[in-house]
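> Have a look; sequence and predicted model below, questions after that.
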Amino acid sequence: MSAATAINARLSEACKSLEVPGVVAVANAGGRYAEAFGVSSLKQGETHNSLTLDSTFYLASATKLLTAISALQCVERGQLNLDEDVTRWLPELKDLEILTGFDDKGKPIMVKAVNKITLRCVALVYFLTKHHS
C-alpha cells in the first residue's frame, strides 16, 4: 500500500466516523498530494456540502502564528522593520481613527490616531471589549 493510499484511507475513515467533519490536505516539494474528504459542516440545519480542493474555510485566529513567523523571517532578512509604519503596505490604515469610548447615547467616540501603527504594535493587539470575547 502506498503512503498516499494509506493517508486517503485514514482521512476517509476519520470523516466517516465523524472524528472530523472534513479535511482538505495538500503537500508538495516532491511529494505532490492533494485530496479532499468529508463535508463542510455537521451543524443541524446547515447544508452538508462535500469538501473540494477549492473549498474555503473560516480560520479566524488560526493564521496568527503563520503570519507572525512570516513577518519575523522578513525582519530577519532585513525586508521589514518592526518599528516601521505599516501604512507603507496598508495605506488604508493611514487615517484610522481610534475608539476611546462611548457617549451617553452609546455612540462611539473616535479620535484621530496620533502614533503610527507598527508591526511591533500589532503583535500586542487583542480585543478587550465584551463584543470580542
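Cool, the structure landed.
> Break down the chain into its strands, ranges please.
22-27, 33-38, 97-102, 108-112 (DSSP state E).
> and of the ones you listed, who's closest to C15?
With C-beta to C-beta, the closest approach to C15 among these belongs to strand 33-38: 3.3 Å. Using the backbone N, CA and C atoms, a C-beta is placed for each residue, glycine as well.
> Could you break this protein into its assigned domains?
3-57, 81-132 (automatic domain parsing).
> Reformat these into CSV and put distance to A71 next to each item.
As requested, the domains of the chain are exported to CSV (distance: least, C-beta to C-beta, whole Å):
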stretch, distance to A71
domain 3-57, 22
domain 81-132, 6
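> How many residues are close by the nearest residue to T87 once chain neighbours are set aside?
Using C-beta to C-beta, 6 or more residues apart in numbering and skipping residues adjacent in sequence, the residue nearest T87 is K94, 4.5 Å away. Per other C-beta atoms under 10 Å, the neighbour tally for K94 reads 13.
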